[in-house]
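# missing the sequence, but the structure's below:
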């Protein structure tokens, strides 16, 4: 069993688990699947600073923090107990394009020449690690959700605003990948 | 979005939330084992070089839809017997502007918020900085919320 679980999982296996998460959370306690809200709760918990957006009873939302701590532990468990030496799978075309753009490390889950403590001090590292993170946090909150809250939960419950948000996520991703990222990688 | 759906949870002890942690663990393992947390998988997706991420998200959405319809149709209750409520989301301009900013950031970090947690759990310690920066992003949004178009 461990042997089987340690192999790289096909897309449908992950898709099924993600799809099952939606009814599981609803049935367990009327919870709406969403991950980015947890960051708002953290802000409300630690630095509400009298900002109305962070003044609510975050204790009622504590399940969400338990959930994301679970995701973090899941990452630990998968890498500690369920990992293989199999190299990650990437499409040849993506690999070639990224190499040509200047990405050196194409064997790990993250390119370590970009995402490392050492690179954090460079302009490129700052953009990928710090600015990118800021945009993820700021953007998801303004949009009212991320891939989980809008793309999965929102679309699952047939909500038009979530479809609009999901389409904008994709538009932003395509613009960055095709028009801007090559210049950022070359920095 | 976050404050509407909980009204009965007040008196439940904290450890009851451990069930959500278990769901999170399964979810996090799936994230890692299907390489959804890989920066390269996100690149592949936006370069249309692979079906993988579309398959993951597509399967999740279709299954989610089927289950939500099932819950509504058969009036399935929660374990404690409550009515299941899915509040309607209201459209506002934030879904456009914020969505675009998140999309741009997503292609840079190669991670939406969920994978950030899983990456940190895997031991990519520098991603703690990405996460903290995302937290600052959320806070700054909260600070300027009333000045931004919605």
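In hand now; what should we look at? Nothing here was measured: the structure is a model prediction, and the numbers come from that model.
# so what pLDDT did residue 77 get?
Since no chain was named, I'll use chain A. Note on residue A:77: pLDDT of 96.
# try chain B instead
Looking at residue B:77, its pLDDT stands at 95.
# helix or strand for the residue nearest to the spatial centre of chain B, which one?
Central residue of chain B (C-alpha atoms, centre = their mean): residue B:114, 5.8 Å from the mean position. Taking DSSP states H and E as the criterion, residue B:114 maps to helix B:113-122.
# is there proximity between that helix and chain A?
Yes - for helix B:113-122 and chain A, the contact criterion (C-beta under 8 Å from any C-beta of the partner chain) is met by B:113-114, B:116-122. C-betas here are computed from N, CA, C, even on glycine.
# do the same with stretch B:130-139
Yes - under the criterion of C-beta under 8 Å from any C-beta, chain A is reached by stretch B:130-139 at B:130-139.
# counting neighbours, which of those residues comes out on top?
Ranked by neighbour count under the definition other C-beta atoms under 10 Å in any protein chain shown, the residues of stretch B:130-139 next to chain A are headed by residue B:134 with 31 neighbours.
# how many neighbours does residue 105 have?
Reading this off chain A. Residues lying near residue A:105 (other C-beta under 10 Å) number 14.
# think we crossed wires, I meant chain B
Residues near residue B:105, counting by other C-beta under 10 Å, number 29.
# okay, and it sits in which element?
Assessed by DSSP H and E, residue B:105 sits inside helix B:94-109.
# quick one, that helix and helix B:113-122 angle?
Angle, helix B:94-109 to helix B:113-122, by axes from the mean of the first three to the mean of the last three C-alpha atoms, to 10 degrees: 30 degrees.
# just checking, what packs against helix B:94-109?
Helix B:94-109 is packed against helix A:132-143, helix A:160-175, helix A:181-186, helix B:39-46, with contacts defined by 3 or more C-beta pairs under 8 Å, 6 or more residues apart in numbering or on different chains; DSSP states H and E.
# which elements pack onto the first one?
The reference is to helix A:132-143. helix A:37-46, helix A:160-175, helix B:94-109, helix B:113-122, helix B:127-144.
# ok, now the second one?
For helix A:160-175, the elements it packs on are helix A:132-143, helix A:155-156, helix B:39-46, helix B:94-109, judged by 3+ C-beta pairs under 8 Å, 6+ apart.
# make TSV out of the helices and strands packed on helix B:94-109 and add distance to residue A:8.
What follows is the helices and strands packed on helix B:94-109, written out as TSV (distance: least, C-beta to C-beta, whole Å):
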stretch	distance to residue A:8
helix A:132-143	25
helix A:160-175	23
helix A:181-186	25
helix B:39-46	11
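# hey, which of those is tucked in deepest?
helix A:132-143 (a mean of 29; mean count of other C-beta atoms under 10 Å in any protein chain shown).
# thinking again about what came up before, go through the residues of helix B:113-122 next to chain A and name the one nearest residue B:87.
Nearest to residue B:87 among the residues of helix B:113-122 next to chain A is residue B:113, at 20.4 Å by C-beta to C-beta.
# format the helices and strands packed on helix B:94-109 as a markdown table; extra columns: distance to residue A:47 and mean pLDDT.
Shown next, in a markdown table, are the helices and strands packed on helix B:94-109 (distance: least, C-beta to C-beta, whole Å; pLDDT from 0 to 100):
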| stretch | distance to residue A:47 | mean pLDDT |
| --- | --- | --- |
| helix A:132-143 | 13 | 97 |
| helix A:160-175 | 26 | 97 |
| helix A:181-186 | 30 | 95 |
| helix B:39-46 | 29 | 96 |
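# for those, which one sits closest to residue B:150?
helix A:132-143 (8.3 Å).
# and the angle for that closest one with helix A:160-175?
Here helix A:132-143 points in a direction 160 degrees away from that of helix A:160-175 (the same axes, to 10 degrees).
# report the inter-axis angle for helix A:132-143 versus helix A:37-46.
Using the same axes, to 10 degrees: helix A:132-143 against helix A:37-46 is 90 degrees.
# show me the shaky parts of the chain.
Picked chain A for this. Within chain A, no range satisfies pLDDT under 70.
# I was thinking of chain B, sorry if that wasn't clear
B:1-11.
# how does it look with 90?
B:1-13 (pLDDT under 90).
# in stretch B:83-99, what counts as buried?
Residues of stretch B:83-99 classed as buried by neighbour count (16 or more other C-beta atoms under 10 Å in any protein chain shown): B:84, B:86, B:89, B:92, B:94-99.
# between the helices and strands packed on helix A:160-175, which one is closest to residue B:78.
helix A:155-156 (16.9 Å).
# hang on, the earlier thing: just how off-centre is the helix holding residue B:105 within its chain?
14 Å (C-alpha atoms, centre = their mean, to the nearest Å).
# any idea which residue is closest to the centre of chain A?
Note on chain A: the residue nearest the mean C-alpha position is residue A:147, at 7.6 Å, using C-alpha atoms, centre = their mean.
# list the residues that contact it.
Residue A:147 makes contact with A:35, A:166, A:169, B:57, B:106, B:112-114, according to C-beta atoms under 8 Å, 6 or more residues apart in numbering or on different chains.
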